[in-house]
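J.: Got a sequence here, can you model it:
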Amino acid sequence: MLGYVRLELVRSLRDGGYIIFGVVMPVVMYLLFTNLGLAQGDKHDAALFTMVSMAAYGALGSAFNNGSGIAEDRAAGWLRQLRLTPMTPAQVVAGKVVTGVLGVVPSIAAVLLTGALVNHVTLTPGQWLAIIGLLWVGTIPFSLLGLGNGYRLTGQTAAMTNLATMLSLSILGGLWIPTTNFPAWLRAIAEWTPSNSYAALSWHAASGEVPGLREVAVLSSWLLVFGLYAMYGYRRAGKTA
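T.: Reported below is the predicted structural model:
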């Protein structure tokens, strides 16, 4: 499976959409929000909160982009070839998830480095490590959702669906606008989204707080749902490949 992961990772890194939506766009948005006074709070707190938000946004873009090419692979017969290998469906899906998790590293690193070097965000080593770890591991559910869409939809439809889903979750989850500015009814909905719980874990870490059990439970529940969805999508795609 390691060879499969290496192959998929190289393919992902060569994708122009990955560079634009996963690395360039989050950094640009972070600089705009913080240096044009669009972020709320004093300069350091705004830079810190927005840094975590845009790192999460970039990681989501990379995670979803990992699944967008699946439909094209299916049309090209790649999934049919994978079914002839000794790998089980669970291993194939796991391999793509590992690819997605590794692929988000540049996205997270780019925004965090920009925060430290440009906006002079200061944190303890423990806080930096906690944020990096939570942002990294927390992308697994979104990678699974992107894969599920890729396995079930056609090439262009999968790409547009993943893009729309990523943007919707980013906005509704409070990555662009803090949920404190939402109406009460919308804020109540946002608290149950996977993107809000995902970012909230790192927001807590950045503030020196222990990540909340509620956010862990919500994100874990979505992990199970999206995992089942990705497995279902792969098995269904295999029957029609």
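J.: Can you pull out the low-pLDDT segments for the protein?
T.: 1-18, 37-42, 69, 71-87, 89, 238-241 (pLDDT under 70).
J.: Which helix in it has the most residues?
T.: As assigned by DSSP state H, the longest helix anywhere in the chain is helix 213-240.
J.: Please state the offset of that one from the chain centre?
T.: In terms of CA atoms, centre = their mean, to the nearest Å, the centre of helix 213-240 is set 14 Å apart from its chain centre.
J.: which strands and helices sit next to that helix?
T.: Applying 3 or more CB pairs under 8 Å, 6 or more residues apart in numbering; DSSP states H and E, one finds that helix 213-240 contacts helix 70-76, helix 78-82, helix 89-103, helix 140-152, helix 194-206. In this view, the C-beta of every residue, glycine as well, is placed from N, C-alpha and C.
J.: let's go with 10 Å and repeat that
T.: Applying 3 or more CB pairs under 10 Å, 6 or more residues apart in numbering; DSSP states H and E, one finds that helix 213-240 contacts helix 70-76, helix 78-82, helix 89-103, helix 125-137, helix 140-152, helix 194-206.
J.: what's the angle from it to helix 194-206?
T.: 140 degrees (axes from the mean of the first three to the mean of the last three CA atoms, to 10 degrees).
J.: List the buried residues of helix 213-240.
T.: Across helix 213-240, burial judged by 16 or more other CB atoms under 10 Å covers 215, 218-219, 222-223, 226-227, 229-231, 233-234, 237-238.
J.: Out of the residues you listed, which comes closest to Ala116?
T.: Glu215 (24.6 Å; CB to CB).
J.: From what I see, that closest one and Ser195 are in contact.
T.: No. With contacts counted by CB atoms under 10 Å, Glu215 stays clear of Ser195, the gap being 11.0 Å.
J.: shared neighbours of those two, anything?
T.: Gly138 (CB atoms under 10 Å, 6 or more residues apart in numbering).
J.: which residues sit in contact with Tyr57?
T.: Counted by CB under 10 Å, 6+ apart, Tyr57 has contacts 21-22, 25-26, 29-30, 50, 107, 111, 166-167, 169-171, 173, 175-176, 195, 199.
J.: The longest helix of the chain versus helix 125-137: what angle between them?
T.: Between helix 213-240 and helix 125-137, the angle comes out at 30 degrees (the same axes, to 10 degrees).
J.: before we move on, back to that, which one of the helices and strands packed on helix 213-240 is the most hemmed in?
T.: helix 140-152 (a mean of 27; mean count of other CB atoms under 10 Å).
J.: tell me the angle of it relative to helix 89-103?
T.: Going by the same axes, to 10 degrees, helix 140-152 makes 120 degrees with helix 89-103.
J.: same for helix 140-152, what does it pack against?
T.: Using 3+ CB pairs under 10 Å, 6+ apart, helix 140-152 is in contact with helix 43-68, helix 70-76, helix 89-103, helix 155-172, helix 194-206, helix 213-240.
J.: So which of the ones you listed is nearest Leu117?
T.: Using CB to CB, the nearest of the helices and strands packed on helix 140-152 to Leu117 is helix 43-68, at 11.2 Å.
J.: for that closest one, which positions count as buried?
T.: 46-68.
J.: Quick check, central residue of the chain?
T.: Leu60 (2.2 Å; CA atoms, centre = their mean).
J.: hang on, isn't it packed against Phe142?
T.: Yes. Under the criterion of CB under 10 Å, Leu60 is in contact with Phe142, at a separation of 5.5 Å.
J.: what is in contact with the two at once?
T.: Val104, Asn162, Thr165, Met166, Leu169, Pro194, Ser195, Tyr198.
J.: The residues you listed into JSON lines, with extra columns for distance to Val121?
T.: Output for the shared contacts of Leu60 and Phe142, formatted as JSON lines (distance: CB to CB, whole Å):
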{"residue": "Val104", "distance to Val121": "20"}
{"residue": "Asn162", "distance to Val121": "30"}
{"residue": "Thr165", "distance to Val121": "29"}
{"residue": "Met166", "distance to Val121": "25"}
{"residue": "Leu169", "distance to Val121": "24"}
{"residue": "Pro194", "distance to Val121": "25"}
{"residue": "Ser195", "distance to Val121": "22"}
{"residue": "Tyr198", "distance to Val121": "20"}
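J.: Appreciated, that's everything.
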